[in-house]
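Q: below: sequence and its predicted model.
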Amino acid sequence: MELEGNENFATEQYLEDWVIDKCDDWRDHFEANYSEKFDEYYRLWRGQWSAQDRTRDTERSKIISPALQQAVESSVAELEEATFGRGKWFDIEDDVYDQDNRDIALLRNALEQDFKKNKVRKGVAECLINAAVFGTGIAEIVLEEEKEMKPATQPVMGGELTAVGVNIQDRTCVKLRPVMPQNFLIDPVATDIDSALGCAVDEFVSAHSVEQLQESGVYRNVDIQLASPDFNIEPDQDLTRFDEDKIRLTKYYGLVPRHLLDKAMEEKDSEEEVVTFEDEDDSYYVEAVVVIANGGVLLKASKNPYMMEDRPVVAFPWDVVPSRFWGRGVCEKGYNSQKALDAELRARIDALALTIHPMMAMDASRMPRGAKPSIQPGKTILTNGNPAEVLQPFNFGNVSQITFAQAQSLQTMVQTATGAIDSAGISGSINGDATAAGVSMSLGAIIKRHKRTLINFQEAFLIPFVQKTAWRYMQFEPELYPVADYKFHTSSSLGIIAREYEVTQLVQLLQTMSPDTPMYPKLVMSIIDNMNLSNREELIATLEQANQPNPEAQQAQQMAQQGQMAFQASQTAALNGQAAESQARAQKIAIEAQAIPQELEIDRIKAVTTNLDKGDADDKEFQRRLEISKQLLKEREVAVKEENVARQAAPQPAPAAPQPPAQGMIPNGQQ
């Protein structure tokens, strides 16, 4: 089924013509909107002067300030350190229902080994440089068949001798190849690789590399002539042209009309089909890979050979520009400040030429015929008349000293625009002073800007690259890489500036704590973890081992705690016994106090009835004694009551705290 508005595609005769027409249109759009700007960004970063970079027609100086170069390199180094500074820069997550993690460890170790062997870090660093300079980092994921050679020994002659040789094994390698912006073409209305109709890598390659692929059967065996020169796709347009042994190769990845692809594939005897799980026969477009040499010779045309049908290109913007594929890099951010700084420096140098170098005004009519009026030490100048009247030295005054302050301010503007810090550090741009608070706030703002770029780099470039690389190895090396649906994520952390800033904060927090607090060892470990030390892992392992409790010391401490608890229990028991004894004594005193009136009554009766004879006189004596005893008893009762009232009204002293028995003494009740 054909889509509406695509009837003109049906009139196309060859697939290579359709692809080249698209690429030419995309090339025209790039050159009209971006090519000139990107060339100037490249020259400013490299420090290369061009006549079209003049700020005024009378400008003679060709100096270029290194402020923008420093901003690019500092920003790239910060992101590279944040990505690769810890060694482990990506991780893998398995399915939550899969309890066996051995496949995860196998896949991670295999990928790390292949990434190191194929120098992936070097390619990623180049992509970061391109993104900082041009605004967008682009890379192509390339598959190569290599022969892996390993030294080995083999027994011969029944094991009597050992032969030393090499084992050769065919391996499929996945490599990351950076692409310059002038060598990359994409649909102008697309915002990323997947949403575009297609994209192409258009560049010069060595003739022998194409011939080798033709011999291996990857490319068609057709006659290819040398390419015509084109400065627009050269990596460095300031170099002298070299036209020998070059072929212009255009590799297109994207959608193409199905009938044109079928027609191109019919010319080849056999084509390996990729197993898919859905039928796309009704679609007009099909995902394909097309390789064209010198703008017209078809070398390869096939459906997308990858099992996930993804395009082998990854790209990320340094800073996102809404609804646009090409991003905003460091050079674009600091462009205006850099141009103003260059104009200031060049104007000063031009003024120095007029104020420092000697100049001479002379009367031309009184100079001898044929005289050369140049000035140099030790030269004799002949004049017709008094030299004081014929010659007069002069200059244009002195250069203003304000240009130094202006140049410094413009350099600060470059740092403000790009968020980079120079080698001399940065002052507190928040409050104008280089105080601790000002520097801290300034660094916080800078770290936030680097964090935004780091997120763009991870989500749009690093994670897709690792994921696509794993898919390639699963497809072409299934015996070495377990095939499953894994989730990849990066292990990138803070950059060097952010880590130094965090270490400073941790050190300040550490100074407020005692070494005996539980948080102290953890803070020390965090400080060492953020430092870029060669033996960081060893120091962390030593700290973890030191923080682990010693079994013997732990057992001794446990026994000491048990003894302390037993001692406290014995003290408690002794105090409880003393309290019980005091309570019993109080009860005894209370009972004795209650028995006193009864004893008095008994004594009174006894005193009244003692030594009495029969008769009236004794009866009178008995009555008299009884009255006296009653009076004494009343007085005694009144005295006891007054004593009790006084005792209750008096303030009670606070009970003394129980003192632990001295060492070597046994508490009461424990004898």
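A: Received it, and whenever you're ready, just let me know what you need.

Q: so which residues of the stretch 251-400 of the chain form strands?
A: Secondary structure of the stretch 251-400 of the chain, counting by DSSP state E, counting those that start in this stretch: strands at 285-293, 297-303, 313-317, 359-362, 391-394.

Q: now swap in the stretch 101-250 of the chain and tell me
A: 136-156, 161-179, 184-186, 198-206, 246-257.

Q: could these be laid out in CSV, adding distance to E389, mean neighbour count and mean pLDDT?
A: No exception for glycine: its C-beta is placed from N, CA and C like everyone else's. Converted to CSV, these look like this (distance: least, C-beta to C-beta, whole Å; neighbours: other C-beta atoms under 10 Å; pLDDT from 0 to 100):
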stretch, distance to E389, mean neighbour count, mean pLDDT
strand 136-156, 68, 15, 87
strand 161-179, 70, 14, 86
strand 184-186, 70, 25, 95
strand 198-206, 68, 21, 92
strand 246-257, 68, 22, 93
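
Q: circling back: any chance of JSON lines for the strands of the stretch 251-400 of the chain, columns distance to E145, mean pLDDT and mean neighbour count?
A: Formatted as JSON lines, the strands of the stretch 251-400 of the chain follow (distance: least, C-beta to C-beta, whole Å; pLDDT from 0 to 100; neighbours: other C-beta atoms under 10 Å):
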{"stretch": "strand 285-293", "distance to E145": "16", "mean pLDDT": "93", "mean neighbour count": "21"}
{"stretch": "strand 297-303", "distance to E145": "15", "mean pLDDT": "91", "mean neighbour count": "21"}
{"stretch": "strand 313-317", "distance to E145": "20", "mean pLDDT": "95", "mean neighbour count": "25"}
{"stretch": "strand 359-362", "distance to E145": "70", "mean pLDDT": "82", "mean neighbour count": "13"}
{"stretch": "strand 391-394", "distance to E145": "75", "mean pLDDT": "81", "mean neighbour count": "12"}
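
Q: mind checking the strands of the stretch 101-250 of the chain for the one nearest to D24?
A: Closest to D24 of these is strand 184-186 (C-beta to C-beta; 9.0 Å).

Q: contacts for the closest one, please.
A: For strand 184-186, the external contacting residues (C-beta atoms under 8 Å, 6 or more residues apart in numbering) are 23, 26-27, 30, 138, 193, 196, 198-202, 315, 325.

Q: partners of it, with directions?
A: Here strand 184-186 is paired, per DSSP bridges, with strand 198-206 (antiparallel).

Q: could the strands of the stretch 101-250 of the chain go into CSV alongside distance to G295?
A: Compiled in CSV, those are given as follows (distance: least, C-beta to C-beta, whole Å):
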stretch, distance to G295
strand 136-156, 19
strand 161-179, 18
strand 184-186, 13
strand 198-206, 9
strand 246-257, 6
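
Q: of all those, which lies closest to Y481?
A: When the strands of the stretch 101-250 of the chain are compared by C-beta to C-beta, strand 161-179 sits nearest Y481, at 10.3 Å.

Q: by how many degrees do the closest one and strand 198-206 diverge?
A: Using axes from the mean of the first three to the mean of the last three C-alpha atoms, to 10 degrees, the direction of strand 161-179 lies 120 degrees away from that of strand 198-206.

Q: reformat the strands of the stretch 251-400 of the chain as a markdown table; add distance to V142.
A: Listed next are the strands of the stretch 251-400 of the chain as a markdown table, based on distance: least, C-beta to C-beta, whole Å:
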| stretch | distance to V142 |
| --- | --- |
| strand 285-293 | 12 |
| strand 297-303 | 14 |
| strand 313-317 | 10 |
| strand 359-362 | 62 |
| strand 391-394 | 66 |
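
Q: which one of the ones you listed lies closest to K122?
A: When the strands of the stretch 251-400 of the chain are compared by C-beta to C-beta, strand 313-317 sits nearest K122, at 15.8 Å.

Q: who does that closest one touch, helix- and strand-wise?
A: strand 136-156, helix 436-457, helix 463-476 (3 or more C-beta pairs under 8 Å, 6 or more residues apart in numbering; DSSP states H and E).

Q: out of these, which is closest to H489?
A: helix 463-476 (6.7 Å).

Q: just put the helices and strands packed on strand 313-317 in TSV and tack on distance to V256.
A: Formatted as TSV, those follow (distance: least, C-beta to C-beta, whole Å):
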stretch	distance to V256
strand 136-156	18
helix 436-457	30
helix 463-476	21
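
Q: looking at these, which is closest to G577?
A: Nearest of these (C-beta to C-beta): helix 436-457, 63.1 Å.

Q: do me a favour and average the pLDDT over the closest one.
A: Averaged across helix 436-457, the pLDDT comes to 66.

Q: equivalent analysis for stretch 218-232, please.
A: Across stretch 218-232, pLDDT averages out at 84.

Q: end-to-end on it?
A: From the first residue to the last, stretch 218-232 extends over 28 Å; the measure is C-alpha to C-alpha, to the nearest Å.

Q: which residues touch D170?
A: With C-beta under 8 Å, 6+ apart as the criterion, the residues that contact D170 are E145, E146, K147, E148.

Q: the first one contacts S216, correct?
A: Yes. Look at E145 against S216 with C-beta atoms under 8 Å: they come within range, at 7.2 Å.

Q: how far away is the nearest residue to R220 once chain neighbours are set aside from Y252?
A: The shortest distance from R220 to any non-neighbouring residue, by C-beta to C-beta, 6 or more residues apart in numbering, is to L299 (5.5 Å). For L299, the distance to Y252 (C-beta to C-beta, to the nearest Å) stands at 11 Å.

Q: quickly list what's touching both of those two.
A: In terms of C-beta under 8 Å, 6+ apart, L299 and Y252 are both contacted by the residues V291, I292.

Q: what is the least confident helix or strand in this protein?
A: helix 7-10 (a mean of 46; mean pLDDT, DSSP states H and E).

Q: C-terminal to it, what's the next element?
A: helix 15-30 (DSSP states H and E).

Q: got the angle between that following helix and strand 246-257?
A: Counting by the same axes, to 10 degrees, helix 15-30 lies at 100 degrees to strand 246-257.

Q: elements contacting helix 15-30?
A: Checked by 3+ C-beta pairs under 8 Å, 6+ apart, helix 15-30 has strand 184-186, strand 198-206, strand 246-257, helix 258-266, strand 285-293, strand 297-303 packed alongside it.

Q: next one: the fifth one to chain centre, how far?
A: Relative to the centre of its chain, strand 285-293 is centred 37 Å away, using C-alpha atoms, centre = their mean, to the nearest Å.

Q: ok so, going back, let me have the helices and strands packed on helix 15-30 in JSON lines, extended by distance to D310.
A: As requested, the helices and strands packed on helix 15-30 are arranged in JSON lines below (distance: least, C-beta to C-beta, whole Å):
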{"stretch": "strand 184-186", "distance to D310": "16"}
{"stretch": "strand 198-206", "distance to D310": "12"}
{"stretch": "strand 246-257", "distance to D310": "9"}
{"stretch": "helix 258-266", "distance to D310": "18"}
{"stretch": "strand 285-293", "distance to D310": "9"}
{"stretch": "strand 297-303", "distance to D310": "13"}
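
Q: quick one: which helix or strand includes L575?
A: Using DSSP H and E, L575 maps to helix 551-609.

Q: give me the helices and strands touching that helix, please.
A: Here helix 551-609 touches helix 616-649, going by 3+ C-beta pairs under 8 Å, 6+ apart.
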